[in-house]
Structures are given as structure tokens and as C-alpha cells.
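Asker: The sequence and its predicted three-dimensional model are supplied below.
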Amino acid sequence: VLGRGYDFVTCTEAAEHFYEPLKELALLDRLLRPGGWLGLMTDLVRPEVPFGQWHYPRDPTHVCFYRPATLAWAAARFGWEAPESPTRNVFLFHKPASPAPAPAVPTDAATTSPLPSAPTPASCAAHTGTNDSPSISSGTGAALPTGSVVPPPPP
């Protein structure tokens with residue numbers, strides 16, 4: 001199953017459970033054939049709902065949260081077209097038939113984090129800058145953009 005390519009891949013209410021979102025998104029990208037579509041369903045952190053009042057973090061299995069900017073970054077990172085969103089929590093990414101050149105992605109988390117020196121842990125970790133703008137880094141050493149947050153895993 002994971003060795004084949006697909007025209008349409010869905011990731012429904014699963015992305016918020018990724019401890020290593022960059023690694024998992026790379027797997028989804030490998031599963032997509034050129035010209036294929038990825039359907040991602042997850043709720044997003046939005047400025048109109050304070051994070052502490054949002055229902056998503058109350059589920060202890062939800063460990064990774066995204067903002068619209070995070071999804072746009074992921075699309076650019078994997079050469080997908082910017083996501084279409086037919087509803088507030090469904091995002092459709094198209095992988096072009098001819099791959100676009102991969103953008104330069106910093107390998108140092110500090111280059112995209114609001115923190116002076118953000119660590120790059122083996123799994124996602126929460127970081128809150130002085131402006132309460134969260135960011136995450138993945139275990140691969142590549143930083144995800146400001147706009148995603150992951151609480152530490154439960155003991």
C-alpha cells in the first residue's frame with residue numbers, strides 16, 4: 001500500500017495526531033502520483049478563537065495544530081499548488097503533473113522561528129515567542145513556519 005502511487009489520498013482528522021508532521025507530509029507526498037490530489041481535513045488555529053478556548057487542544061491525542069500559513073508553507077515545500085478550501089476544515093492540495101523546482105527550505109529552526117534559538121527536537125515541541133505566536137520544529141531539522149504548535153507528549 002505504501003509503495004504504490006495514488007491519484008487521490010485523504011488524510012481525514014489525522015494530521016493533528018502527527019508527532020512528526022514534516023515526515024508524515026513527506027510520506028503523503030510520496031504516495032501522490034504527479035497530477036494527484038491530497039485531501040486534508042483538520043481544524044485550524046484561527047485568530048478569532050483564543051487557543052486556550054479552542055476545543056481541539058482538549059483532546060489529549062491532538063498533538064499538532066496548524067494555521068493557514070502552515071498549510072501554504074507545506075504546499076510550497078512539496079511543490080503542491082496552494083490549497084483550495086471548499087469548507088473551513090477541508091483543504092485540497094494538487095500535485096502538479098510536472099514537479100516544480102523545490103524551494104530552498106532552511107535546515108536551521110532558528111531561521112524561521114520567532115525565538116532566538118529554537119531547538120530541533122526528535123519530535124515536535126511547543127515554542128511560544130514573545131508575541132504568543134507559536135511555531136514548531138520537526139525532528140528532521142527543518143523548521144515549520146510560525147503558526148503551528150505542539151504541546152509536549154503526555155508522560
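Answerer: Alright, I've got the coordinates.

Asker: Tell me where the model's unsure across the chain.
Answerer: Residues of the chain that meet the criterion pLDDT under 70 lie in 99-155.

Asker: Give the burial count for residue 46, as a bare number.
Answerer: By the criterion of other Cβ atoms under 10 Å, residue 46 has 12 neighbours. For glycine as for every other residue, the C-beta is placed from the backbone atoms N, C-alpha and C.

Asker: wait, what's in contact with it?
Answerer: residue 67 (Cβ atoms under 8 Å, 6 or more residues apart in numbering).

Asker: Just to be sure, it is in a strand?
Answerer: No - per DSSP: H, G, I helix; E, B strand; the rest coil, residue 46 lies outside any strand segment and is coil.

Asker: Now it. Its backbone dihedrals?
Answerer: When read as degrees, to the nearest 10, the backbone of residue 46 gives phi -130, psi 150.

Asker: how far away is it from residue 19?
Answerer: According to Cβ to Cβ, to the nearest Å, residue 46 stands 23 Å off from residue 19.

Asker: Strands of the chain, residue ranges please.
Answerer: 6-12, 32-41, 84-87, 90-94, 127-128, 134-135 (DSSP state E).

Asker: deepest of the ones you listed, which one?
Answerer: Most buried of the strands of the chain, by mean neighbour count (mean count of other Cβ atoms under 10 Å): strand 134-135, with a mean of 23.
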